[in-house]
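In: coords please:
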Amino acid sequence: MDEAPFDRLFSHPNRPYIAYFHLSPHEPFEQPDPFIERALADSVFANSEETRRELALHGINDVALFQNPALACFDIPAQSRDELQFALSISNHVPAELCKAFEILKTKGVDMLRIGSPEANRRVTPEDIAQCDAIVTIGKSVQYGFRSRQPVFCYNHFGGPGWLIPWASEDKERNFSGRSSPECRSPDELAELLLSGFSQTGQWARTNNVASLEQFHLEHFVDELLARATQERGKTPWPDWTRENGWRKDFRTERSLYRLIDREFARGRKLPCFNTIPTVAKAVSGHQLEKEIIRVPKDGEPMVIAGFSFRYDVHLVPDLIENIRPAIHGYVALDDRAGRELLTNEADRQSSLYAAAAAMGAKWIFAVVPDERFEDRFGNRISDLTTQHGPVVWTFNCRKMFDKDRYRVDGIWKSRNRARLFPCFPGMEPDGDRLHGRWTKNAPGLPVRPSGLEFFHLRMALPKRRKLRMALYCNSDPTRNFQTIGYDYLDDERGMKLRAIPAHRRFSPPFTEDGGTWGAQTQDLSDTPDGGQDPLLHKLRRVVKTRQMLGFENAMHVGLDLMNEHPHDREIALMAADSALMEGFPETTLRIMDMPATCQPFQPASARAQAVG
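Out: Numbering: from 1, shown residues only. Take a look at the predicted model:
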């Protein structure tokens, strides 16, 4: 984390109430902070007596209990059966003996629903619990069972005591982890315990004294915490340690320790660690990073930091920031104007921006370019995207503007989803490609989902900018190693279909065409190899891709180009004829098929640009 948020925190005249929570005595990440927590904590909470005892060993003694209480939505009517008919297993770590016990139960007429890896890796819902007779689990979902007055059988890879009684359970001191009874039981023994103890435990669960369960009610805990915070907030001033900048030394020491922990964590799971990225950022010679926090996140809001670089398009940056301001808390920008190459290494720029955003405290990174504008609805959706779906890579549909208010929709221009919003943690760094690289390699394999939102690429709105863009990429990638379909398509308007921006997808501020090139000048691109034409293989790949995207008219024209270049290849003629037929040009199809093998240059009268919508 960067020091800037603490600067703002300590300069605020009204000190907030600060509570720390520790959820395990075994996980090193859950140990108390060496400096910051001890100086700032108004309250410290532990999820179990076992965790509280561990904190005492570190000198943290005034610790209250927060026993993983459950939401009120789990307070639902329980099933009332004398025999076990339907059991719910909740776990990502079901041991072999328990799996075999479930198989035995199935032979005795007990249905099973299993939630957790690998069967169903998702959140547990109140509806899941409402339909079952009993729950087999450990940890937090035990409290879900208590709150819903369902009988709970506690057993998993740590062992477990079996059927639980909330007010008389030794495992309660260990957060119902199963560690109170670590012995491994046989499948037959587990199956027998599940069947024989169900009736009595179910009766206990249904007749529970409501007051005995209040310790597992989240709303009671939150109400008490808020009342205490309201009563004590502002009464304790900031310590001298914060006013005299003594905290910076402790903060930097603590940050270095956590970077070491993060690095070892990443190495143990064979993930790259973002703490190594700053050395890459320094290697981008002559570039300056500009950072700004626009607004401080509200309670519960994860910090979203936008990252972008600028060069010839620096004049577009103010409108970009205005466009995305409602969706972000800050941004980091890399000034690329000192770059010596026509197109500097994308991987270096992206890595620098990623590292800087992480240092600013970003929980989510929003990757943008100055010549892009996102639809106005994005600002209203950002909270849902970053808080309601867990760690997800969100994609946005890129619309290429071919004039000031219309975008292209034929063939390969139809749908171009780009991953632009993703969590900031180890494994999510850029993929390292010099050109056309992905902003995140997504090493953890997070789900990639469409956001349903669109953004609009303004650079392509003028023909001269399209030509320059094609020439720039041909110059930078002469062998087409970074794009298999080549770059000719960028300046090919044949078969073009345009659509106006729908009213519900409008963006602001509105785009005003300035007529500029926004890029390297023609004289800088004079040494483009082969005049910028794509090689045959890449032209063929482009035709295949265009046909897959139903852009048959453009595919027909490229096929005719290839016929002129390779007049003896009848397969190319068949491909062009089929594309013409699929687009609805039967006369053109017949003319192509009637042409002799030594055909002359030919263009159908059907060549045109269409405007739709």
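In: do you know the pLDDT at residue 80?
Out: Looking at residue 80, its pLDDT reads 72.
In: tell me the SS of it?
Out: Three-state assignment for residue 80 (DSSP: H, G, I helix; E, B strand; the rest coil): coil.
In: what sits against it?
Out: Counting by CB atoms under 8 Å, 6 or more residues apart in numbering, residue 80 touches 202, 206. Where C-beta positions appear, they are placed from N, C-alpha and C, glycine not excepted.
In: the residue nearest to residue 586 when sequence neighbours are not counted: neighbouring residues, count only.
Out: Nearest residue to residue 586 in three dimensions, chain neighbours excluded: residue 580, at 7.7 Å (CB to CB, 6 or more residues apart in numbering). Number of residues near residue 580 (other CB atoms under 10 Å) recorded here: 27.
In: which residues touch residue 580?
Out: By CB under 8 Å, 6+ apart, the neighbours of residue 580 are 552, 553, 556, 586, 588, 589, 592, 604.
In: look up how far residue 593 lies from the fourth one.
Out: Remark: distance between residue 586 and residue 593 (CB to CB, to the nearest Å) = 11 Å.
In: ok, then the element right after the helix or strand of the chain with the lowest mean pLDDT?
Out: Ranking every helix and strand in the chain by mean pLDDT, DSSP states H and E puts helix 277-282 at the bottom, with a mean of 36. Counting by DSSP states H and E, the next helix or strand C-terminal to helix 277-282 is strand 288-293.
In: now name the helix or strand holding the spatially closest residue to residue 66 that is not a sequence neighbour.
Out: Nearest in space to residue 66, with sequence neighbours left out and distances taken as CB to CB, 6+ apart, is residue 45 at 3.9 Å. Using DSSP H and E, residue 45 falls within strand 43-46.
In: just give me how far that strand sits from the chain centre.
Out: Chain-centre distance of strand 43-46: 30 Å, with CA atoms, centre = their mean, to the nearest Å.
In: burial check on residue 47, number of neighbours?
Out: Neighbours around residue 47, by other CB under 10 Å: 24.
In: next: residue 202.
Out: Neighbours of residue 202 (other CB under 10 Å): 23.
In: do residue 390 as well
Out: So residue 390, with other CB under 10 Å, has 11 neighbours.
In: do the same with residue 17
Out: Residues near residue 17, counting by other CB under 10 Å, number 17.
In: how about residue 204?
Out: For residue 204, using other CB under 10 Å, the count is 16.
In: I'd like to know how far the closest residue to it other than its chain neighbours sits from residue 349.
Out: Excluding the flanking residues, the one nearest residue 204 by CB to CB, 6+ apart is residue 165, at 5.7 Å. For residue 165, the distance to residue 349 equals 60 Å [CB to CB].
In: which of these two has more neighbours?
Out: residue 349 (22 against 17).
In: so which helix or strand takes in the more buried one?
Out: helix 346-359.
In: what residues of that helix count as buried?
Out: Burial within helix 346-359, assessed by neighbour count using 16 or more other CB atoms under 10 Å, is assigned to 346-359.
In: same question for that helix, mean pLDDT?
Out: Per-residue scores along helix 346-359 average to 93.
In: pull up the pairing partners for the first helix or strand past it going along the chain, direction included.
Out: As assigned by DSSP H and E, the chain's next helix or strand after helix 346-359 is strand 364-367. Here strand 364-367 is paired, per DSSP bridges, with strand 304-310 (parallel), strand 417-423 (antiparallel).
In: so for residue 148, which of the ones you listed sits nearest?
Out: In terms of CB to CB, the element of the strands paired with strand 364-367 nearest to residue 148 is strand 417-423, at 31.5 Å.
In: just want the angle from the following helix or strand past the closest one to strand 417-423.
Out: Using DSSP H and E, the next helix or strand after strand 417-423 towards the C-terminus is strand 448-457. If you take axes from the mean of the first three to the mean of the last three CA atoms, to 10 degrees, strand 448-457 sits at 110 degrees to strand 417-423.
In: ok, strand 448-457: who's next to it in the sheet?
Out: Strand pairing for strand 448-457, using DSSP bridges, gives strand 372-374 (antiparallel), strand 393-403 (parallel).
In: contact partners of the helix or strand just after the first one?
Out: Following strand 372-374 in sequence order, the next helix or strand is helix 378-387 (DSSP H and E). Residues from elsewhere that reach helix 378-387, judged by CB under 8 Å, 6+ apart: 300-302, 304, 324-328, 363-364, 392, 394, 421, 451, 453.
In: what residues does stretch 188-200 touch?
Out: With CB under 8 Å, 6+ apart as the test, stretch 188-200 has contacts from 82-84, 87, 97-98, 101, 104-105, 108, 110, 133-134, 136, 151, 153, 155, 162-163, 185.
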